[in-house]
Structure formats: structure tokens, C-alpha cells
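[1] Fold the following, please.
(chains A and B)
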2 protein chains.
Amino acid sequence: MSDTGVTVKKSEDFSEWYTEVILKSELADYAPVKGCMIIREDAYAMWEKIQEIFNKKIRATGHRNVYFPMFIPEGFLKKESEHFAGFVPEVAWITQGGDTPLEEKLAVRPTSETIMYATFAKWIRSWRDLPVKINQWCNIVRWETKATKLFLRTREFLWQEGHTAHATSEEAEKEVMDILQEYKDVMESYLAIPVLIGVKSDSEKFAGAHYTTALEAMMPDGKALQMGTSHNLGQNFAHVFDIKFIGEDEKEHYVWQTSWGITTRLIGAVVMVHGDDKGLVLPPKVAPVQVVIVPIPYKGADSTAITAKAKETAAKLKAKNLSVVVDDREEYTPGWKFNQWELKGVPVRIEIGPRDLKQQQVTVARRDTYQKTTVKEDEAADAVEKLLEEIQSNLYNRAKKALDEKITPVQNYSEFADALKEKGGFIKASWCGNPECESKIKDETGATIRVLPFQQESIAANCVYCGQQAKKTVYFARSY
Amino acid sequence: MSDTGVTVKKSEDFSEWYTEVILKSELADYAPVKGCMIIREDAYAMWEKIQEIFNKKIRATGHRNVYFPMFIPEGFLKKESEHFAGFVPEVAWITQGGDTPLEEKLAVRPTSETIMYATFAKWIRSWRDLPVKINQWCNIVRWETKATKLFLRTREFLWQEGHTAHATSEEAEKEVMDILQEYKDVMESYLAIPVLIGVKSDSEKFAGAHYTTALEAMMPDGKALQMGTSHNLGQNFAHVFDIKFIGEDEKEHYVWQTSWGITTRLIGAVVMVHGDDKGLVLPPKVAPVQVVIVPIPYKGADSTAITAKAKETAAKLKAKNLSVVVDDREEYTPGWKFNQWELKGVPVRIEIGPRDLKQQQVTVARRDTYQKTTVKEDEAADAVEKLLEEIQSNLYNRAKKALDEKITPVQNYSEFADALKEKGGFIKASWCGNPECESKIKDETGATIRVLPFQQESIAANCVYCGQQAKKTVYFARSY
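    As a prediction, the model looks like this:
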């Protein structure tokens, strides 16, 4: 394979494969500033698709987008002590504007609760002002000291952060769960990545939250990836920022709040879960290019007619609202193009050669299974549309199977250790609820509680670590 | 008028009126961090419309969106000395990450030429890699020391920045002009704001550019507002960042570059140009809500039937892809609602009362002229659609008339001073081309050269300042 292709096998060196696929497919590049990355055209197009999908969902439920300043005065961050303690170790600080040192240093937002809620206090007066349901798409900075991993851990990343305030606890509770379900749908129906959902343990919850719900996916190397979080903030920030309203009962109440986010790390998850030894494999619903058409002009054949047919086919596919590219560049061979578009993960490739032309057919190759078939010209558009749906389902089903195979229920700590060592993945175990057991398991194995599933089922009577009475069933895993 | 309405007249205190309209219509709010603002729901929705309109234009011409890091190492900014000198006085500096002082301080991007072009040098190898045509929508920081003005001058704002690299000077030149025309269309056809276009004088061009083209609009107080810029960078940055390619001639060449941007200040321009004493007047094509329907339940009348009719009418309008709100809140009176939606600038209000119900009609009020008419129920959707087009045209025509009235051709410096004193606006004058004359005019009158129009016509034989042979016709103005 040429030096433009992937040289590392996914099964042999997963981490190296991941980086190579991203760089060579041109999803992203390292930036000339440490710990940061450049989100390139195809990855940004996927992010725009995610934005479009999620915006549609939240608009339908009355949320609206806004933009708050990126700078947060140190004093604001400090107001909620748990929140401050959680974020301050990784805050980038502005200390100078032009030539002038600032009187109070400014944090570049690691998240926007504090600056938004200081303003909520001003906006919210009466029950008529509730609920407040806003969201922003923006950049976030967390000054990571660990090694950078493209999409998964960079000092700057993109996300959306939703923030709501409600009159009652029940409404806030419902919001947290509604958003969690919308996130699940984005991940499973669009990114084709199955997730486990549930509540975080106290030690893993968002700094300042009442509780955190999360969505966790399993990567092929056996490590879990947190895909998104939806926090019930209770009245914690409302008390700190004095966000009160006069209710219909004419009395003063504190609001109930939620916040929730997903980030560009989702793109990293797509690479890891679906990619193969030839490069990216993109789910059709978020692929920037869904179909590439490669005309194959053999010597002596009429390449004009072939290119015309390619363009005609493209027009039919575009009429179905599909994203199509005709790659008729003369400076590259068909073989080079096949490799290139496979590397870029385009779900369907259509080849049109002299034989296809003669037989009024096109050759259709799917990226997920490499299967090739021929389809009659006039059925091509319908067939490709159907095939894209099949690929979308197949990717999800494959990933679901892989996830299911990586969930191991265990009865005791010896089984726990074995499972983790053998294949990693999620270890389903019973837990007494004591943070000490959780902490010791983390120290000894590197695995943390990823979620306490909403649907609890009994795995064992006793805690997998201390042997005391078990109270919860939880999923442990090593994670990114 | 209640305390929620606008209390200042546009003609009496323009600046105060501007701020009050923005705050009370809830387009934006001051942020709890100095010099920054909060872009609220309706303003952000307008920004999203602008994004949608402009993305469509640039995608059609092969540009793609990306995202580069916000942090720029000081050394990068310094590479192009003119660029550095131009931006360094207003750079916000990150000097600390977590508890650790940074080895090299990082600029928060005041613009992204340097970080992008350092990467272009890596990406571009051969003519096959050209043109590069990318764009990003992001936040920008310029540490202004002057007083903040909502949308027009804040330390952080949102913009798009397009950056391209081409094989030839001609291609770059064409790109600069194509984008300028696309900007003009965004401003005139969508925001209903007429602009003058042309080239900036050397003293007003972008720091590091070969030349800058710009679009200038006239505000009602006689001051010009720069609405957007499209720069021809020549090979200036290409030499500094060593961006070379092997041409089809197999020789090495430097690329030719352009960059261009529009910002959230466009929203401020919409407020200034179209607003009136009752608040915002939004052009239908960018209004977040195009039509509001207010049911008017009189005592004794059947309010259920009226509300049902309102919803039925809304459905018909939505079927035409219009953005409609039915304001059936019971806690507010119709009069209060009229004021509120006028304040928010909604182009068309539909009232449905008992009389309308009885006569199978609706009452339609337009925001721009306050004219009210009745329309037969079954013609309402078509009539409103047509009316929105009329309002869009009317706003543009009104603004065009106002612009034309504020252009004064002058023969000499005494006329220049009089015109500027009497009504401000654009002063069309002849200029010898000497930066000294330009600089002295600025010192003495506060007016700068806004643009040298592409279509040059002779105003006078001699420079308006020094009386020497004139070389150029230019537009002077005081500006924001």
C-alpha cells in the first residue's frame, strides 16, 4: 500500500492505528500549539451534522441558542466551591490585555455555569420567566496535562452546553432525562454507536451537580468512552447565585437547574468504533460524502460517455438529497481513488466502466463489508438509498454485538480482575455503595464506575470488593 | 408607555436609543465581565440565519468549514511584522495553565492568519493541493480599550473568517471580488442594508494585506459602519510562512492568498438602520419570528373559537415555511402584546378578534409602516407572504434613500467641513493620494477614507485638502 494508506492494523496497535487513520484521512491535524488540534473539513462537516440533528431536537422542545462570553472572572468561578475545586486545576488564565496586566485574572471557560447563572439571577423574576431553556455551541478550554489524544483529549475542544432553570424539581428531573434520551438517539440512530446510560457515582459526578447522568460507549480496545452527560444541578447553583422567582403562590422560590453537553469527542468515537484497517468507516447519516462515483476509463473506451453517465447518476442521487462526489480527476488512477475514498470512509462507492456502460448498469461497493454488486442503471438511485440504510443498520448492529460481548457480569473480585485483564470492557458488578470500595478498585485496577444503570438487576448479594451487603449494580470499566 | 417600552427617541439621542432598544428587546445583554456581551436568543437566531445564508453561498463555490485552535503562540504572531504591530496592542494573553506559568505566552486569536498559514505550509505541496478554500465560524478577541458598544465594539465577538490559497494572482484577485459581491448580497438582499464598496487606502488596510476591499454602510447618525472586509494578501504571508507549491511547470512557486470576514456587528447595523421609536424593525428574511398572531378575546365572545382560528392561521403560514408564533398567553393583554412584539421587531402582526371571526377575515398590521388592513381568511397566507416581501423591499428602499441623502460630493475643504458638520454622512471628494492629506483630514475632522470606489468618477481636479492634482475619488466619513 502506498504511503498515503493506513500502515497499522487496528487489532495490532489500536492507539497508533487511531492516530494514523485520523491524520491520513485528513479528519484532523496536530496544531502548531501544544495540546490543541485542527478540526479539518470532513470532521467539521460531521460536527455540523451533529449540530443540525441536535438543534432540531432541542428547538422542538423549546430550547434556544445563545452565546455567552468566553471569559469568566476568577471570583465567579470561586463562588461555588466544589465547582471551583473541580475545574481550577485545568483553567487557562488570561492575565494581560494588550500591554496591561488585568486587575482580576480571567478564566477561559472550562464550562459556563457560573457566568450564565450570574445572569440568570438578573433575568428571572417571576414564574412567568420560567422555564429558561438555552444552549450554546462554543469552544471550551481545559488545560490538560496528560498526553493529547486527537478528539478525545485536547486543551481546546468544541461542544454544546445546555442550561435550564425550572420552577419545580420534577420539571428539572424530566429535563435531565429527556435530554439524556435525545443524546442516546443522536449516538445510536445517527452515529450508530450503542451506549449504556445511567447515573454517575458521587465521586464521578460533575463538580457542583446534585447528580450526573451519562452515556458510555465501549471502544474496541476495551476502554469505555464517556459520550455525554446530563446533570441535575438541583438548587445548588441557585443558592450560590441567588436565582429566585416569585411563584404563582406569590412566594419566593429558588429555581431548579440542569446542564448538559456533548463534545467533538463524538467524532473520535465514530473513528474508533467503526473504522477498519483501510481507514474510516462513516455512518451514512453523518458522512459528509455518502456516495463517491468513480468513472473507470479503460484504454480505447469512450471516457466522455463514462463521465457523462457518472454525472447523470450523481444527479439522480442528489435528487434524493444524498451527498455525492464524482471523482473524475485525471491525475489519479481508479485504484488510487478507491483507496483514498475507502480511507475517508465514504459509505458507498459506485464504479462505472465500459462494461457497466454497455450493460446499462453500475457497480456498487459498500464500505462496511466491501461487498460489490451490479445494479441496473435505472434502479441505481433507489438501490443506493436502500443500501445506505442497510449500512447504517449494519454498523449499529456490529457495534451493538461488540458492546454486548464486552459486558461481563462478575460475582467476585477475582472474576472482576480476570475479566478486566482478559478483555477489558464493562464489568457488571454489585457494589455496597461505599466510595472507599470504589476508590480501592480504581487504585488496584484502574477501573472506575462508569454508570449505575437505571434498570437495576441483582448480580450478586454482596459487594464485589468488600463482601458487605450490596446495594447497587454498576458498570465498571477502564476509560478514556 | 410602560417601563418595558423604549423611552428614548431615535432622533433625539441615537446612542442611548440604540442601547435601550437592544436591552429591552432582549437582543443582547451586558455580561458580568467588562467589555463583553451576551448574545441572546433572537440575536443569535439572526446570526444563525446569516450563517445559513453565507454557508450556502460559499459551499456552492467549493469552500469548506474547519476549526483551528484559538491559541496562537506569540512567536507566530510576530512572524509578519506589520501584522504583529497591527494586532499586538489589543491581544489578550494567556500566561498560565492551571497553576503553571506558560513558557511562551499564547495570544487568544485576534484573527487566524498566522496559525492557519503555518499549517498551510505543511498541507500544500503541489498544484494538485490548490486552491485551498476554507472558512471558520468562531469567537475572536480584541482587547478594546475604548468604551464598549453592544455588537459594534466588544472585547469578544463572533465572526467568520475565510482563508484561501491559490496558484495564481488572478485567481486570488477573483476570489477577493467574488466574496465581496457575496457579502454585498448578504447585506443588501437579506439585511436590507445598502453598502458602498471599494478599496481601503493603505493606512486603513488590514495589517499584512496587499490591499483590502470593504463594504461600508451609513448609520442614521451620519457615521459609517464597516460591514465586512475581503483582503488580497498577495504573497506576503506566503513568503513569511514559506507556503510553496510545485506547479504544473514542475517549478516552485509561492501561493497567492486571500482572507475575508463578517462579524456579529451586522446585527448592530440592522438595529441602527431599521429600528424606530417603538423598537426593532427586523427584515423578514432574517427575522427569527416573521409573523405573530394575537388572538383578541373580548368579553362575552367565544375565546376558544378565536384561539382555534389563530392556530389554524398559524398552520397555514407554517406550511409556507414562515416562522410564526401564536401569542395566546392569558397573563398579558393584547395591548401589552402589541407593544412587546413591536419592540421585538416582528415584521407582521395578525390580530384575530370576534369581528374578524364573524367576518371570516384577519387583521394584518405591518411593523415597518404600522399600516393595518383586513384580509379574507382564505387569502391570508398568500397575502402575508407577499406582504413580507414588500416589507423586505420597503426596508431596503428606505435605507437606500437615507444612504443616498447622506452622500455629499464636495469641491473643496470648506464644503467638506460644512457637509460633515451639517449632516455627517459620506463625503465624496477628490484626493491626491498622499497619506499626509488623509492623516491631516482625520486629525482635523475625525473623518477617514472609508473606501476608494471601484467605479471612479471625477469630482474635482484637485485634492480636497492640499489642492494638488487629484488622483482618486474617495468617500470620507466619521465612523464607528
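
[2] The stretch 101-250 of chain A: helices as residue ranges?
    All helices of the stretch 101-250 of chain A, identified by DSSP state H, counting those that start in this stretch, fall at A:113-123, A:169-185, A:236-241.

[3] Could you check which helix or strand contains A:Tyr475?
    Assigning secondary structure by DSSP states H and E places A:Tyr475 in strand A:472-477.

[4] average model confidence for the helix ranked longest in chain A?
    When chain A is parsed with DSSP state H, its longest helix is helix A:380-405. The predicted model assigns helix A:380-405 a mean pLDDT of 98.

[5] The closest residue to chain B within the stretch 201-350 of chain A: what's its closest spatial neighbour, skipping adjacent residues?
    Nearest residue of the stretch 201-350 of chain A to chain B, counting by Cβ to the nearest Cβ: A:Glu331, 6.2 Å away. Quick note: C-beta positions are derived from backbone N, CA and C, even for glycine. Distance criterion Cβ to Cβ, 6 or more residues apart in numbering or on different chains; nearest residue to A:Glu331, sequence neighbours excluded, is B:Arg128 at 6.2 Å.

[6] bridging residues for the residue of the stretch 151-300 of chain A found nearest chain B?
    At 5.5 Å from chain B, A:Glu156 is the closest residue in the stretch 151-300 of chain A, using Cβ to the nearest Cβ. Beta-bridge partners for A:Glu156, by DSSP bridges, are A:Val141.

[7] Can you pull out the low-pLDDT segments for chain A?
    Under the criterion pLDDT under 70, the flagged ranges of chain A are A:1-3, A:301.

[8] on that earlier part again, summarise which helices and strands the longest helix of chain A is packed against.
    Judged by 3 or more Cβ pairs under 8 Å, 6 or more residues apart in numbering or on different chains; DSSP states H and E, the packing partners of helix A:380-405 are strand A:211-218, helix A:265-274, helix A:303-319, strand A:348-352, strand A:361-366.

[9] quick one: it to chain centroid distance?
    Distance, stretch centre to chain centre, for helix A:380-405: 19 Å (Cα atoms, centre = their mean, to the nearest Å).

[10] which is the next helix or strand following that helix?
    Following helix A:380-405 in sequence order, the next helix or strand is strand A:407-409 (DSSP H and E).

[11] just how off-centre is that following strand within its chain?
    Here the centre of strand A:407-409 is set off from its chain's centre by 23 Å, with Cα atoms, centre = their mean.

[12] What residues sit buried inside that strand?
    A:Thr408 (16 or more other Cβ atoms under 10 Å in any protein chain shown).

[13] and the residue in the stretch 101-250 of chain A that chain B sits nearest to, how many neighbours?
    Per Cβ to the nearest Cβ, A:Trp143 is where the stretch 101-250 of chain A lies closest to chain B, at 3.7 Å. By the criterion of other Cβ atoms under 10 Å in any protein chain shown, A:Trp143 has 21 neighbours.

[14] Make CSV out of the helices and strands packed on helix A:380-405 and add mean neighbour count.
    Listed next are the helices and strands packed on helix A:380-405 as CSV, based on neighbours: other Cβ atoms under 10 Å in any protein chain shown:
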stretch, mean neighbour count
strand A:211-218, 24
helix A:265-274, 24
helix A:303-319, 16
strand A:348-352, 23
strand A:361-366, 19
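
[15] Pull the contacting residues for the closest residue to chain B within the stretch 351-480 of chain A.
    Closest residue of the stretch 351-480 of chain A to chain B, Cβ to the nearest Cβ: A:Tyr480 (20.4 Å). Remark: with contacts taken as Cβ atoms under 8 Å, 6 or more residues apart in numbering or on different chains, A:Tyr480 is in contact with A:149, A:152-153, A:219, A:223-226.

[16] is it true that the residue of the stretch 101-250 of chain A closest to chain B touches B:Gly98?
    Yes. Assessed by Cβ atoms under 8 Å, A:Trp143 is found in contact with B:Gly98 at 5.0 Å.

[17] any residues in contact with both of these two?
    Residues touching both A:Trp143 and B:Gly98 (Cβ under 8 Å, 6+ apart) are A:90-91.

[18] For A:Ile407, which non-adjacent residue is spatially closest?
    A:Phe426 (4.6 Å).

[19] Near that neighbour, how many other residues are there?
    25.

[20] Go ahead and report the secondary structure state at the spatially most distant residue from the centre of chain A.
    Computed with Cα atoms, centre = their mean, the residue of chain A farthest from its C-alpha average is A:Gly300, at 48.8 Å. Secondary structure for A:Gly300, judged by DSSP: H, G, I helix; E, B strand; the rest coil, is coil.

[21] Also A:Asn321?
    coil.

[22] What of A:Thr373?
    Following three-state DSSP, A:Thr373 is assigned to strand.

[23] ok so, going back, chain center to the strand holding A:Tyr475: distance?
    Relative to its parent chain, strand A:472-477 has a centroid offset of 22 Å by Cα atoms, centre = their mean.

[24] again, but for stretch A:43-57
    Mean C-alpha position of stretch A:43-57 versus that of the full chain (Cα atoms, centre = their mean) differs by 11 Å.

[25] Run through who's touching it.
    Stretch A:43-57 is contacted by residues A:27-28, A:39, A:65, A:137, A:151, A:158, A:160, A:182, A:185-186, A:190-191, A:262, A:264, A:266-267, A:270, A:282, A:285-288, B:64-67 when judged by Cβ under 8 Å, 6+ apart.

[26] What residues does the stretch 201-350 of chain A have near chain B?
    With Cβ under 8 Å from any Cβ of the partner chain as the criterion, the stretch 201-350 of chain A meets chain B at residues A:Glu331.

[27] Around the residue of the stretch 201-350 of chain A closest to chain B, count how many other residues there are.
    A total of 9 residues lie near A:Glu331 under the criterion other Cβ under 10 Å.

[28] Let me know the distance separating it from A:Ile293.
    From A:Glu331 over to A:Ile293 the distance is 17 Å, taken as Cβ to Cβ, to the nearest Å.

[29] Was I right to think A:Ser259 contacts A:Ala165?
    No. If you go by Cβ under 8 Å, A:Ser259 and A:Ala165 don't touch, sitting 10.1 Å apart.

[30] Who is the nearest residue to A:Lys200 once chain neighbours are set aside paired with across the strands?
    Leaving aside its sequence neighbours, A:Lys200 sits nearest to A:Thr212 (Cβ to Cβ, 6+ apart; 4.2 Å). For A:Thr212, the beta-bridge partners are A:His231 (DSSP bridges).

[31] Touching, A:Thr212 and A:Leu233? I think so.
    No. With contact defined as Cβ under 8 Å, A:Thr212 does not reach A:Leu233; the gap is 9.6 Å.

[32] tell me, what's touching those two both at once?
    The contact sets of A:Thr212 and A:Leu233 do not overlap (Cβ under 8 Å, 6+ apart).

[33] Could you spell out which stretches of chain A belong to which domain?
    Chain A breaks down into these domains under automatic domain parsing: A:14-274, A:291-388, A:407-477.
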